[in-house]
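*Asks:* the following block contains a protein sequence and its predicted model.
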Amino acid sequence: MVNESEMLEEQRRAIPVQADVDVLVVGAGSAGIAAAVAAAEAGRSTMLVDASGMVGGTLVAQFLEGSAGYHDAAGNLIVRGFVGRLIEMLLDYGSSPGHTVDQTGYSVTRLPYNHAELGLCEAVFLGEAGVRVQLNTMVVDVVLDRSGPLPVISHVVLEGKGGRHAVRPAVVIDASGDADVAFKAGAAFQTDWADARQPSSLLFKVGSLDFDELLRYFRSHPEDFREGSSISEPLDDVLHLWGFGALLAQARADGRLALNRDELQLAGWHRRGEAIVNLSRVQGDALDSGWSGRAAIEVSLQVLEIARFFREYVPGGANSYVQQVASRLGVRESRRVLGDYTMSADDVRAGARFDDAVGLGGFPIDIHDPSGTSLSFAEPLVSAYQIPYRSLVVGGLGNLLVAGRCMSATHEAAGSLRLTPQCFVTGEAAGTAAALSVIEGTSPRDIDPADLAERLRARNVILHV
Ligand SMILES: Cc1cc2nc3c(=O)[nH]c(=O)nc-3n(C[C@H](O)[C@H](O)[C@H](O)COP(=O)(O)OP(=O)(O)OC[C@H]3O[C@@H](n4cnc5c(N)ncnc54)[C@H](O)[C@@H]3O)c2cc1C
């Protein structure tokens, strides 16, 4: 906890201004990479900074079971653009089997991928686009210029291994997941999250699973898996299995598993005998450093118990072991900014249309259960919805855009918009818009949505189905 009764006056110091850039993107996750590539490909000088030592953000670090949300309920492709090119690269290197049917019936398709090779492909893309990437570099402050009608960020203060320096950007894109730049700039945030926030999880990979035995259990115990679960013959490269509730209940009854969950999600690369397991859960405020530390300890115990559960209870798991653990806790929800427009659950459910649409979403409203025993609740959508540019424009500031999971959306709407395809979509839109505003010498808020749409279409972004 922060002790606010005792305050320390920080020392004032002069720091070097390292660079002038057209577009500064903060956060090298799905949204930030798409934003930086789009801005750089539009010919603008672009810098991308990330607090960690890697590019790829949550999609790489958390090695999710599959990026999902590329198709609407009718099976139409709704997301292409930058991520479409990235998928082609993954296919070319054999790093992903491409879009596959979601065998759990939870959504329409999933894009399984090898997380390490995804990060490598993203780094290559950034290099080819000419993005200046700075890693191990954290945004620690911003300086506002209040001389105009709205405050603008004149400098962003960065702290790297070599010390503290500043960058002078024309436009900033906050793709930090936690909206750190918006926070430091004094932006307003959605207020519906405090009690309702989604839980965080730590995903891990088990090795040496015997899939013949595992699949015998799946085929002989359909009642222990989500309704609608099926696996294709011949087998897809990656198998998604949701269930194992009877086994989890037995382990709990035997005192071998403390976590009270009645299903787990497994994405298995059967030829390699590997599977990613999604089951752990911790609830709290990811912006509280003390909580993050406690959560890391709590979730470590959960992962150890789950790994033991695999060895002791899961058919085919006798020789399994934890092969790899995500390098950081996976945070589903923290700050969401208050933008010029806030996407609501009604917009998402109704397949809303907007004059300033920059892309599409279509994944079910996916809310993970913070306290009950199930994994998550998905409310299927009938059709795709459009995402308006205004939901990427941070309210009350002249040159700050947002992209990714911290965009302007309610808790429920974010349940769909936080999916990685939509993070790529909003990132590409923000990067393209930032470049356009620099080219035209206007505030990002004042660009013409029709010009933006034309540029996005030229990038092969899908705006309508
Ligand atoms: C456990 C879990 C399972 C999920 N499952 C799926 C799934 O199956 N399919 C799917 O599509 N989506 C899934 N999601 C959702 C999805 O992964 C995230 O919403 C998405 O990856 C967020 O992307 P982003 O670009 O907004 O942020 P991130 O990818 O989190 O990137 C933000 C980056 O900003 C950096 N950063 C943060 N603060 C600062 C700072 N102050 N200065 C500099 N850098 C900073 C971070 O280091 C990070 O690299 C899951 C999420 C979780 C947590």
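*Replies:* Here it is on my side, so go on.
*Asks:* so which bits of the stretch 51-200 of the chain are right by the ligand?
*Replies:* 51-52, 57-59, 62, 64-69, 138-139, 175-178, 180 (C-beta under 6 Å from any ligand atom). For the C-beta atoms, the positions are set from N, CA and C on the backbone; glycine is no exception.
*Asks:* how about the strands of the stretch 351-465 of the chain, start to end?
*Replies:* 357-361, 365-368, 376-379, 385-388, 400-402 (DSSP state E, counting those that start in this stretch).
*Asks:* tell me which of these lies nearest to the ligand.
*Replies:* Nearest to the ligand among these is strand 365-368; the distance by C-beta to the nearest ligand atom comes to 8.1 Å.
*Asks:* how about whichever residue of the stretch 301-450 of the chain sits closest to the ligand: what's its closest non-neighbour residue?
*Replies:* Relative to the ligand, the nearest point of the stretch 301-450 of the chain is Gly404 (2.3 Å; C-beta to the nearest ligand atom). Nearest in space to Gly404, with sequence neighbours left out and distances taken as C-beta to C-beta, 6 or more residues apart in numbering, is Ala31 at 2.9 Å.
*Asks:* partner strands of the longest strand seen in the chain, parallel or antiparallel?
*Replies:* Longest strand in the chain, counting residues (DSSP state E): strand 163-174. Looking at strand 163-174 with DSSP bridges, its partner strands are strand 17-26 (parallel), strand 152-160 (antiparallel), strand 400-402 (parallel).
*Asks:* and the helix or strand that comes right after that strand, C-alpha only, in CSV?
*Replies:* Sequence order places helix 180-184 as the next helix or strand after strand 163-174, per DSSP states H and E. Presented in CSV, the C-alpha positions along helix 180-184 are these (Å, rounded to 0.1, in the frame of the first residue of the first chain):
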residue,chain,number,x,y,z
ASP,A,180,-0.3,4.5,-18.3
VAL,A,181,0.2,7.5,-20.6
ALA,A,182,-3.4,8.6,-20.3
PHE,A,183,-3.1,8.2,-16.5
LYS,A,184,0.0,10.3,-16.3
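*Asks:* re earlier: pick the most deeply packed of the strands of the stretch 351-465 of the chain.
*Replies:* Among the strands of the stretch 351-465 of the chain, the stretch with the highest mean neighbour count (mean count of other C-beta atoms under 10 Å) is strand 400-402, at a mean of 31.
*Asks:* identify the residues contacting that strand?
*Replies:* Outside of strand 400-402, the residues that reach it under the criterion C-beta atoms under 8 Å, 6 or more residues apart in numbering are 153, 171-175, 179, 181-182, 185, 187, 337, 339, 392-394, 408, 426, 430, 433-434, 444.
*Asks:* quick revisit: who's in contact with the residue nearest to Gly404?
*Replies:* By C-beta under 8 Å, 6+ apart, Ala31 lies in contact with Gly57, Ala175, Ala403, Gly404, Arg405, Cys423, Phe424, Thr426, Gly427, Ala430.
*Asks:* again with Leu203
*Replies:* With C-beta under 8 Å, 6+ apart as the criterion, the residues that contact Leu203 are Gln62, Phe63, Leu64, Glu65, Ile276, Val277, Asn278, Ser280, Ala326, Gly330.
*Asks:* at 7 Å what do you get?
*Replies:* With contact set as C-beta atoms under 7 Å, 6 or more residues apart in numbering, Leu203 has these partners: Gln62, Phe63, Leu64, Ile276, Val277, Asn278, Ala326, Gly330.
*Asks:* now distance to Ile365 and neighbour count too, for the residues you listed, in TSV please.
*Replies:* TSV is the format used below for these (distance: C-beta to C-beta, whole Å; neighbours: other C-beta atoms under 10 Å):
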residue	distance to Ile365	neighbour count
Gln62	21	23
Phe63	24	24
Leu64	18	24
Ile276	23	25
Val277	24	26
Asn278	18	23
Ala326	24	22
Gly330	19	19
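*Asks:* and of the residues you listed, the nearest to the ligand?
*Replies:* When the contacts of Leu203 are compared for distance to the ligand, the smallest value, 2.9 Å, is given by Gly330; criterion: C-beta to the nearest ligand atom.
*Asks:* identify the residue spatially nearest to the closest one, adjacent ones excluded.
*Replies:* Once its chain neighbours are removed from consideration, Gly330 has its nearest residue in Gln62; the separation is 4.1 Å (C-beta to C-beta, 6+ apart).
*Asks:* check the contact between that neighbour and Arg332; I expect there is one.
*Replies:* No. Distance between Gln62 and Arg332: 10.1 Å, which falls outside the contact criterion (C-beta atoms under 7 Å).
*Asks:* ranges for the helices of the stretch 151-300 of the chain?
*Replies:* Taking DSSP state H, counting those that start in this stretch as the criterion, the stretch 151-300 of the chain carries its helices at 180-184, 211-220, 245-253, 289-313.
*Asks:* make CSV out of these and add mean neighbour count.
*Replies:* Compiled in CSV, the helices of the stretch 151-300 of the chain are given as follows (neighbours: other C-beta atoms under 10 Å):
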stretch, mean neighbour count
helix 180-184, 24
helix 211-220, 16
helix 245-253, 17
helix 289-313, 17
